[in-house]
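Enquirer: could you work out the structure for the sequence below:
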Amino acid sequence: MRTTPTPVHPPAGISLRRSDAVAISLLVLGILIVVWHRSINDNWLAEYDISSFFLPWFGMVGDRLRDFDIPGWTRNYSSGTPVAGDPSSGWMYLPVMVAFSTLSIGAAFKAMILIQLLVGGLSTYVLSRLLGFGVLAAMTSTVTFTFGPFLYGQTHFATVATQVTAWIPLALLGVELSLRTTCRRFMLAAWSLSGFAISQIAAAWMGQGLANALLMIGAWVVYRTLLSPPLGAIPLRTRLVQMLTTGPAILLIGLALGAAGILPRLAVNAQSSIAGGDYSGLWRGDYEEGRHTIPSMIGQMISDAVVNRPVGLSGVVVVLVLLAPFLAGRRLAVPFFAAVLVISCILTLEDTIVHRLFYLIPTFETIHHHSPRRILWVISLAPAMLAGATVQSILEGRNRNVGAALALVPLGLLLIAGEWLEGPEAVITDWFYAGATLATLLLCVALVSRRLPTHFLNRAVPRYALAALVVVAFMIPTGRDMLDAPELEQAAGLPTPLLGRDDYTQAMIDAYLSRTDPGGAGEFLQQRETTQPPFRYVGYAGRGYRKLPDQSYSSRRMEPGVAAVLSNGRASRLGLEHTQGYNPTHLRYYNDYVDVMNGYIQDYHWLDAFPTALSGSQLLDMLNVRYILVSQAIPPERDDVRAIVAERVEVFRNAQVAVYENPTAFPRAWIVHDVRANNDGEGLRALADRSADGRRTAFVDGPIPPLVVPTGAVEEPVTVMDSGADELTFQARAIAAGLVVFSETYEEGWRAYVDGERVPILRTNHALRGVAVSAGTHTIEMRYEPTSLTVGLWTSGITSMAVLGMLGMAAGKLLRDGWRPPPPSPQPALANVRPAPARKRRRRRPAT
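Expert: So this is what the prediction gives:
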């Protein structure tokens, strides 16, 4: 006969609900204070990735949604590129879609951070309470998670990582709830909760982030079904059924909810320069120069350097983490979170047997090799939960005999490690040691006070000491950085103090986010757009000049000359069309096109035009580049500037930028009658070296259409009738059967219609589009209609309605029947071990 485990905690009552309400109120207050501080001191909006990519792209998605338009494609970057299919565009990520469609762009980013902190913090608190943490222990795990690396990544360099991290606690919470109920309605609702979290993770970071998060969520399902079930000892068969239903169910719901983002991204990824997550053929595809060594990994995780905050742990957290396995043992899910932390650290090192085991997972090796250290970006929940487990174990009085002595060990180890690791990668400051020392002192007080003579003291003193520990965990480093972060960041060599505010940085932020460019090149080009056919521009501020070290425009974003040539995302804010773009994902054929145009490759993030391309390249002309913007910060007598402006007409100049018109630019579309095979880029190279005239000859991949060469020189105009983001209309007049070549980037989701009849689009000149037409006048329509987006929208829509229905039914039952709290986690029995029967005492016979 199986026994029911004795609850460690009493059933939830009035006092417990009040203490939870107080804890949650304090958490929300702390989040509001931190977000307020970052909203005022918002130089971080000028951070590298935030300024160059996320703000303009999220803003673009919000603009389209505000107009009730699905953002499938944009003309603003890279001569046209997918939006819904871009893995980091923000499409289908709910906080982006809600905030950026309703608020101004700067306020929207801050609102997104607020939403993520609330989701991550509240779900961590509830998960902690379900696992058996008391209020104080749950606050410890929640504070160390919410105000740790998860917070700092959002205003530093780990935007997509924190978007993933925000939803991991919710995914684990949904699994936990589903395993604690026998009611099918509640189980389906809990699965839906986890599925929704997975859909948001997929929308945030489709590749490495999703893979690492799914590993953690899947491992949690296995752990809580097979190894440590929430409801105690249950038959193995039941546990197997739970594992084989819960895992696939939440994954299926998550993929179906996120299908409108997942399917387009899979389709675009197959056409991208990183198909299948393989970066091996790209320059700097192995993003990190080397794997971690054990010293460098430990050094980065305990470093107090501001640049390491998105992965670093404070001294308070490190002390608590090191104590958790010894004080909590197998309780409170410590084995799981400790394993996640240790295995993640191992995976950042050179290959071991652990790596080889994980490489058995399809595609994991390819994805992981790009940047092994990034797994640490998404597992910050693990050390936070270990910290809470330590506090809970102390409150329960476990290991009180050895606890006080044991509490001194982590501090000693940190002092030794600090001397061993101190160097450029491990900046361990006095504040780190102060946090570790205060944590050790408070832990010792809590442990020793358990032996005080009165019941009141041995219960009250530990609680006050551990409550003070939570305050210290918040203050170091979060509270302290609210006071002196600008000085720390300047000492770290950052170009601007991200958690500060100064006039120059704010002026640059305003310039990048503005929809106007008074007195600048942006205003000039906006005026030209109203009177001229569609055109594109290129900005040049010295990138690719071989006589100087190469620096990207993103790294030089704070230079007035770089901002003046309308780089780093300004095109979408100003409504202009650009051939360049900063993005880790580019369409493969367009990437090839730019490499051949430049004459050499660049870091895979960028598609900038170099001086070799700007000095009369036919491939540049074919991209409909009518205007070239040159920074005035470059000496006008320098050889690259002289080559660029030769035979170009200056049409605008101010103190920061000069604009030159390119008289040899091709129109947006033209007709040719000489069509040849591209032969794996051979035609592209012929156009690059001008052995073929692009105005007369085109090279296609696929069957060559039947064409007729007209006699004599005749004009065959192609007029742009309408130019939208996802729809284009042209009128073409052909004297004889020919191929209309469009200066538009080729992507398989585009459909062409000639006089209402669908016709195939030929990949032309390696990266552009071509449509065959017969003699006569024709209306040619192009629409971006990828099947992946259509199927995804229907799938996500139907699944969303089903999920809302399941949540509604669960809520109705909850309101009708009331809430009965689930039983607490059993402590600490293994799932499949029966309690030993009581031994019978033998009665001793009286001596005769």
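Enquirer: now the nearest residue to Ala473 once chain neighbours are set aside: how far from Asn308?
Expert: Spatial nearest neighbour of Ala473, excluding adjacent residues (Cβ to Cβ, 6 or more residues apart in numbering): Val316 at 4.6 Å. To be clear about C-beta, it is placed using only N, CA and C from the backbone, and glycine gets the same treatment. As defined by Cβ to Cβ, to the nearest Å, Val316 lies at a distance of 16 Å from Asn308.
Enquirer: the more surrounded of those two?
Expert: The neighbour comparison of Val316 against Asn308 (other Cβ atoms under 10 Å) goes to Val316, with 31 against 21.
Enquirer: how far off centre is the helix or strand hosting the more buried one?
Expert: Assessed by DSSP states H and E, Val316 sits inside helix 315-328. Relative to its chain's centre, helix 315-328 lies at 29 Å (Cα atoms, centre = their mean, to the nearest Å).
Enquirer: rewinding a little: hmm, Phe474 and the residue nearest to Ala473 touching each other?
Expert: No. Val316 is beyond contact range of Phe474, at 9.3 Å (criterion: Cβ atoms under 8 Å).
Enquirer: now the helix holding Val316 - C-alpha only, PDB.
Expert: Below are the C-alpha coordinates for helix 315-328, written out as PDB (Å, rounded to 0.1, in the frame of the first residue of the first chain):
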ATOM      1  CA  GLY A 315      28.900  37.500  -5.400                       C
ATOM      2  CA  VAL A 316      25.600  36.900  -3.600                       C
ATOM      3  CA  VAL A 317      24.300  34.500  -6.200                       C
ATOM      4  CA  VAL A 318      27.600  32.600  -6.500                       C
ATOM      5  CA  VAL A 319      27.700  31.900  -2.800                       C
ATOM      6  CA  LEU A 320      24.100  30.700  -2.700                       C
ATOM      7  CA  VAL A 321      24.600  28.600  -5.800                       C
ATOM      8  CA  LEU A 322      27.600  26.800  -4.400                       C
ATOM      9  CA  LEU A 323      25.700  25.900  -1.200                       C
ATOM     10  CA  ALA A 324      22.500  24.600  -2.800                       C
ATOM     11  CA  PRO A 325      23.600  21.000  -3.600                       C
ATOM     12  CA  PHE A 326      24.900  20.600   0.000                       C
ATOM     13  CA  LEU A 327      22.000  22.200   1.900                       C
ATOM     14  CA  ALA A 328      19.100  21.100  -0.400                       C
END
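Enquirer: average pLDDT for that helix?
Expert: The average of the pLDDT scores along helix 315-328 is 94.
Enquirer: show me what it is packed against.
Expert: helix 135-146, helix 334-347, helix 381-395, helix 400-406, helix 408-421, helix 430-448, helix 455-474 (3 or more Cβ pairs under 8 Å, 6 or more residues apart in numbering; DSSP states H and E).
Enquirer: and the angle for it with helix 455-474?
Expert: Using axes from the mean of the first three to the mean of the last three Cα atoms, to 10 degrees, the direction of helix 315-328 lies 140 degrees away from that of helix 455-474.
Enquirer: and His778, what helix or strand is that in?
Expert: strand 776-784.
Enquirer: using JSON lines, lay out the helices and strands packed on helix 315-328 together with mean pLDDT, mean neighbour count and distance to Met301.
Expert: Below are the helices and strands packed on helix 315-328 laid out as JSON lines (pLDDT from 0 to 100; neighbours: other Cβ atoms under 10 Å; distance: least, Cβ to Cβ, whole Å):
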{"stretch": "helix 135-146", "mean pLDDT": "96", "mean neighbour count": "28", "distance to Met301": "14"}
{"stretch": "helix 334-347", "mean pLDDT": "96", "mean neighbour count": "20", "distance to Met301": "8"}
{"stretch": "helix 381-395", "mean pLDDT": "96", "mean neighbour count": "28", "distance to Met301": "9"}
{"stretch": "helix 400-406", "mean pLDDT": "71", "mean neighbour count": "15", "distance to Met301": "21"}
{"stretch": "helix 408-421", "mean pLDDT": "84", "mean neighbour count": "16", "distance to Met301": "10"}
{"stretch": "helix 430-448", "mean pLDDT": "90", "mean neighbour count": "21", "distance to Met301": "11"}
{"stretch": "helix 455-474", "mean pLDDT": "88", "mean neighbour count": "18", "distance to Met301": "16"}
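Enquirer: need the ones you listed in TSV with distance to Gly805, can you?
Expert: Below are those laid out as TSV (distance: least, Cβ to Cβ, whole Å):
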stretch	distance to Gly805
helix 135-146	31
helix 334-347	32
helix 381-395	30
helix 400-406	50
helix 408-421	50
helix 430-448	47
helix 455-474	40
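Enquirer: any idea which helix or strand carries Gly281?
Expert: Using DSSP H and E, Gly281 sits in no helix or strand.
Enquirer: and it, how many neighbours does it have?
Expert: 12.
Enquirer: same thing with Gly776?
Expert: For Gly776, using other Cβ under 10 Å, the count is 12.
Enquirer: dihedrals phi and psi, the closest residue to it other than its chain neighbours?
Expert: Leaving out its chain neighbours, the residue that sits closest to Gly776 by Cβ to Cβ, 6+ apart is Ala734, at 6.5 Å. Torsion angles at Ala734 (phi, psi; degrees, to the nearest 10) stand at phi -110, psi 130.
Enquirer: what's the separation between Ala734 and Glu716?
Expert: 6 Å.
Enquirer: now Glu727
Expert: 23 Å.
Enquirer: more crowded one of these two?
Expert: Higher neighbour count among Glu727 and Glu716: Glu716, with 18 against 14, using other Cβ under 10 Å.
Enquirer: who are the contact partners of that one?
Expert: 670-671, 732-735, 738 (Cβ atoms under 8 Å, 6 or more residues apart in numbering).
Enquirer: domains of the protein?
Expert: Following automatic domain parsing, one gets these domains for the chain: 14-69+85-273+294-491, 514-661, 669-785.
Enquirer: quick one: mean pLDDT for the shortest one?
Expert: Okay, so that is domain 669-785. 95.
Enquirer: ok, back up a step: can you put the domains of the chain in CSV and add distance to Thr505?
Expert: Converted to CSV, those look like this (distance: least, Cβ to Cβ, whole Å):
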stretch, distance to Thr505
domain 14-69+85-273+294-491, 5
domain 514-661, 7
domain 669-785, 32
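Enquirer: for Gln506, find the nearest of those domains.
Expert: Of all the domains of the chain, it is domain 14-69+85-273+294-491 that lies closest to Gln506, at 7.4 Å by Cβ to Cβ.
Enquirer: how distant is the closest one from the center of its chain?
Expert: Centre-to-centre, domain 14-69+85-273+294-491 and its host chain are 15 Å apart (Cα atoms, centre = their mean).
Enquirer: same question for stretch 63-73.
Expert: Put simply, stretch 63-73 sits 21 Å off its chain's centre (Cα atoms, centre = their mean).
Enquirer: now do the SS call for Thr719.
Expert: strand (DSSP: H, G, I helix; E, B strand; the rest coil).
Enquirer: how close does it get to Ala752?
Expert: 16 Å.
Enquirer: of the two, which one has the most company?
Expert: Taking neighbours as other Cβ under 10 Å, Thr719 and Ala752 compare with Ala752 leading, 22 against 13.
Enquirer: dihedrals phi and psi, that one?
Expert: phi -120, psi 140.
Enquirer: now Asn583
Expert: Per-residue torsions, Asn583: phi -170, psi 130 (degrees, to the nearest 10).
Enquirer: identify the residues contacting it.
Expert: 53, 77-78, 81, 86, 88, 605, 607.
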